[in-house]
Every structure is written in structure tokens, then in C-alpha cells.
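1. A structural model of the following input is requested.
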Amino acid sequence: MKSIVIKQPNELVIEEREVPQPKSGEVRVKVKLAGICGSDSHIYRGHNPFAKYPRVIGHEFFGVIDAVGEGVDQSRIGERVSVDPVISCGHCYPCSIGRPNVCTSLTVLGVHRDGGFSQYAVVPSKNAYIIPDEISDEFAVMIEPFTIAANATSYLKPTENDIALIYGAGPMGLTSVQALKGVYNVKEVIVVDRIEERLDMAKISGADRVINNTSLSLKDELDKLSIKPTVIIDAACHPSILQEAISIASPAARILIMGFSGDACQITQQGITSKELSIFSSRLNANKFPVVIDWLTKKLVDPKKLITHQFDYSKVVQAIETFEKDQKQCCKVLLTFS
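-> Modelled structure (predicted):
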């Protein structure tokens, strides 16, 4: 089989490997489609602190089960499945309270263990979620990106009366827009970005208002509009954003950060406590695949609005470079394997 392997930072090869055999409790997936995420690019460029090399990248993938290991029902062969990349122990404190995404021995497919940018991938049976016939292959491969929004909104608990502001109109920001509007019916969703074409994508995904903050003060602009956001999501992931979010938030607002920056972030307690703000963080997803499958079945979100490019896996370098460089036109890039 062919596998996309990062041998070391900036060294990508398409390698011939033996087709893996599933062990006890595992299934083998014949991969059909995979999605490129920012973390794949970061591993390729050597910017992911968790990655070990060499590594088959890819944590957004969909395919068909073609073999099962001991203890897995043979009837699973032939199932169309989307794979949750979060592998957890099931016993530690985070796992015991339903947060396997921050398991003390967390393993993420495509980061800590070989992932889905391969013609075949072996994964735990419980991580392979069956996809209803009414969900297309292209939508099935987009489930993992939408679980990021499902996880974030599970903490924020949005309501129809909220005014939400999202920093960043990349994939994480746009899936969040669709969740807030399509699932939670939030009355106003504002998206802030510095790329006009990305803001156009935000409008297509349902944003009620967009703001280009390249050359203006966001706080001054919101004050002019008499807007105090009650929900704020930082999907741009820059350490300077949290303090600004604190300053623009309504009293009793909820703020959620998704960023992984190692740089210091300076905030003042007074701004948080005086308004009794709630600040959350969100990483990966905690058992949110069934949630997003339900959203797709009910047509509450539309992944088609995010898919902009598709390449054969053999063109993976071109695909990653498109994802990295074409920020105006590119959102989600898919790779086809079969």
C-alpha cells in the first residue's frame, strides 16, 4: 500500500508499506477520503510539539472497513466509517468524567500514532463510526472538523438570545459559525478576520455580520454598534486575542480559546472578575462524532460550504502548499485515496 510519511520536518515521501493487519479490538479501514488540517501542515513543517517522526499524518479520514481483528464482529466488514482520531485509556480522571480528549495518556491518530493519509489504516473498532447511507462520502470525511465546533459549543451552551463573536474565518471558525446558526439558532453571529475573501466564506456559512479588523479597532467598532458579545470563540489562536476578548465581552459572557501558542498571554484579573466572565478552552473532541452525525442527518450544517479543493493523494505536497499559501480561496482540502 502507499502511505504519506513525514520522515522528518520538511521531508515528505509517499512510501510503499505492507498492508497492516488489525489486532484484537481493531478494524482495518480502506481509506477513501482524507482532509488536510493545519496540524498536518504543522507536523510537516516541524511546528507540532507533540509529533514523533517518521509519521503517517492525517486525522480526518473516511473509508470502508475491509478486515477486523479478534473480538470484533465480522459483520462490520463493509461498513462505511468515519474515524475519531482520539484514543484514550478510559480509566484516568479526565476519561472518568467524559473528557477522553485530554486523557493523561492521550494518543491522536496522525500525531502520536500513524494516521489516515494511507491507502489502509488500522484503528480501534470503537473509533470507527458507521455512517448512514444518506450522508455522502465528502460529508463523512468532514465530521472530524465539525466535532471541533461540537466540542466548543458543548462548553459554551449557546442560546437563541446570544450575540456571538468569532475570531478567525478559517475551518475552525466556519464550522463554529454553522453550529451556532444551524444547531443553536443564535440570533447574531459576528466573524472577525483580516482577509476579505475569508469573510465572504463566513457569510456563506451563515454569519450575520463580518468585520475586517486589518485597520480598525475592534473594540471601537463594536462600541459604535452598541454590541457586547455574550459568546466569544477565538478560532484565530493568537495569544493577543484573549485580553481583547475580555475587554469587549458583555458581563457574564463566555469566552472559549482553541489556540496552542506557547507564547505568553498577558491578561488582567480585574477585567475577568468584574464582569464574572467564564473562560473555557477546547481541544479535539470528547465523543462528539455521534453528535455531528446527527447534525448531518438532520441537515443542520453543510460541509459543502467549506470544501474548496480536492487532490489525488499523489499530489499531497501541492495540496498542502495550496492549503498553506492560498488563504484567500482555500478552506478545506480533501485527498482522494480510492
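2. ranges for the helices of the stretch 151-300 of the chain?
-> 171-178, 196-204, 218-224, 241-248, 269-273, 289-297 (DSSP state H, counting those that start in this stretch).
3. which of these is buried the deepest?
-> helix 171-178 (a mean of 27; mean count of other Cβ atoms under 10 Å). Any C-beta I mention is one placed from the backbone N, CA and C, and that applies to glycine too.
4. mind listing residues that contact that helix?
-> Helix 171-178 has contacts (Cβ atoms under 8 Å, 6 or more residues apart in numbering) with 37-38, 145-146, 148-149, 152-153, 166-167, 189, 191, 193, 201-202, 205-207, 233, 235-236, 258, 301-302, 305-306, 331-332.
5. following the lengthiest strand in the chain, which helix or strand comes up?
-> Scanning the chain for the strand with the most residues, using DSSP state E, yields strand 26-36. Following strand 26-36 in sequence order, the next helix or strand is helix 38-45 (DSSP states H and E).
6. sorry, back to before: could you check the angle helix 171-178 makes with the longest strand of the chain?
-> Relative orientation of strand 26-36 and helix 171-178, computed by axes from the mean of the first three to the mean of the last three Cα atoms, to 10 degrees: 90 degrees.
7. any chance of the helices of the stretch 151-300 of the chain in CSV, with mean pLDDT and distance to E70 too?
-> Formatted as CSV, those follow (pLDDT from 0 to 100; distance: least, Cβ to Cβ, whole Å):
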stretch, mean pLDDT, distance to E70
helix 171-178, 98, 37
helix 196-204, 98, 46
helix 218-224, 98, 56
helix 241-248, 98, 48
helix 269-273, 97, 52
helix 289-297, 99, 24
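8. what's the closest of the ones you listed to C103?
-> With Cβ to Cβ, the closest approach to C103 among those belongs to helix 289-297: 16.1 Å.
9. elements contacting that closest one?
-> The helices and strands touching helix 289-297, judged by 3 or more Cβ pairs under 8 Å, 6 or more residues apart in numbering; DSSP states H and E, are strand 128-130, helix 143-156.
10. give me the distance between the helix or strand following that helix and the centre of its chain.
-> Next helix or strand after helix 289-297 toward the C-terminus (DSSP H and E): strand 307-312. In this view, strand 307-312 has its centroid 17 Å away from the chain centroid, taken as Cα atoms, centre = their mean, to the nearest Å.
11. between helix 196-204 and strand 307-312, find me the angle.
-> Using the same axes, to 10 degrees: strand 307-312 against helix 196-204 is 110 degrees.
12. which of the residues in strand 307-312 are buried?
-> By neighbour count on 16 or more other Cβ atoms under 10 Å, the buried set for strand 307-312 is 307, 309, 311.
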